[in-house]
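Enquirer: my questions are about this predicted structure, shown below with the sequence.
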Amino acid sequence: MAHRVREGLFVGRFKGVMARILVVDDEEIVRDLVRETLHIGSHDICFASDGSEALLLAPSVDLVLLDLCLNGEPDGLEICQRLRGPRSPKVILLTGDHQESTRSACMGAGAAAFLTKPFSPLRLIEEVESVLDKVS
């Protein structure tokens with residue numbers, strides 16, 4: 001997958017169009033890592049730390065990066081299921097669980113992709129750009 005760096009900005013396969021991305025994770029360190037990684041791509045990024053806030057913000061974004069194991073209700077899997085539909089944002093689920101059964105459950109809930117923590121910034125960029133490329 002070819003990526004170019006021009007004047008410090010990441011130019012990926014999303015044809016240079018800025019996407020609106022919602023990052024949902026109850027761990028501040030993960031939100032910070034994702035913000036720093038995706039900021040390079042000049043995407044518009046917003047954040048939620050719980051499921052209720054995520055459901056309020058999700059209709060206004062192109063992509064949701066969603067932690068599977070959020071504290072409280074709803075959890076990431078339920079949010080993913082509720083965001084299914086033709087006008088809903090795509091979802092990339094993030095989890096520390098490396099089991100194949102978890103991956104299958106996530107994909108069955110409608111996730112466009114699945115990343116296990118810890119993930120590299122490059123792997124995150126590749127998944128985000130791949131999913132956004134399918135949206136455009």
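Expert: That came through, no problem.
Enquirer: when you work out contacts or count neighbours from here on, use the C-alpha atoms and nothing else.
Expert: Noted.
Enquirer: hey, which helix is longest across this protein?
Expert: Scanning the chain for the helix with the most residues, using DSSP state H, yields helix 121-135.
Enquirer: tell me what it is packed against?
Expert: Counting contacts by 3 or more Cα pairs under 8 Å, 6 or more residues apart in numbering; DSSP states H and E, helix 121-135 packs against helix 28-39, strand 90-95, strand 113-116.
Enquirer: how about the longest one: buried residues?
Expert: What that stands for is helix 28-39. Val30, Arg31, Val34, Arg35, Thr37, Leu38 (16 or more other Cα atoms under 10 Å).
Enquirer: and if you look at the shortest one?
Expert: Counting neighbours by 16+ other Cα under 10 Å, one finds that the buried residues in strand 113-116 are Ala113, Phe114, Leu115.
Enquirer: the first one against Thr95, yeah?
Expert: No: under the criterion of Cα atoms under 8 Å, Ala113 lies out of contact with Thr95, with a separation of 11.4 Å.
Enquirer: follow-up on the earlier one: redo the buried residues of helix 28-39 as TSV? Include pLDDT and distance to Cys106.
Expert: Below are the buried residues of helix 28-39 laid out as TSV (pLDDT from 0 to 100; distance: Cα to Cα, whole Å):
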residue	pLDDT	distance to Cys106
Val30	89	19
Arg31	90	20
Val34	90	20
Arg35	88	23
Thr37	87	23
Leu38	84	23
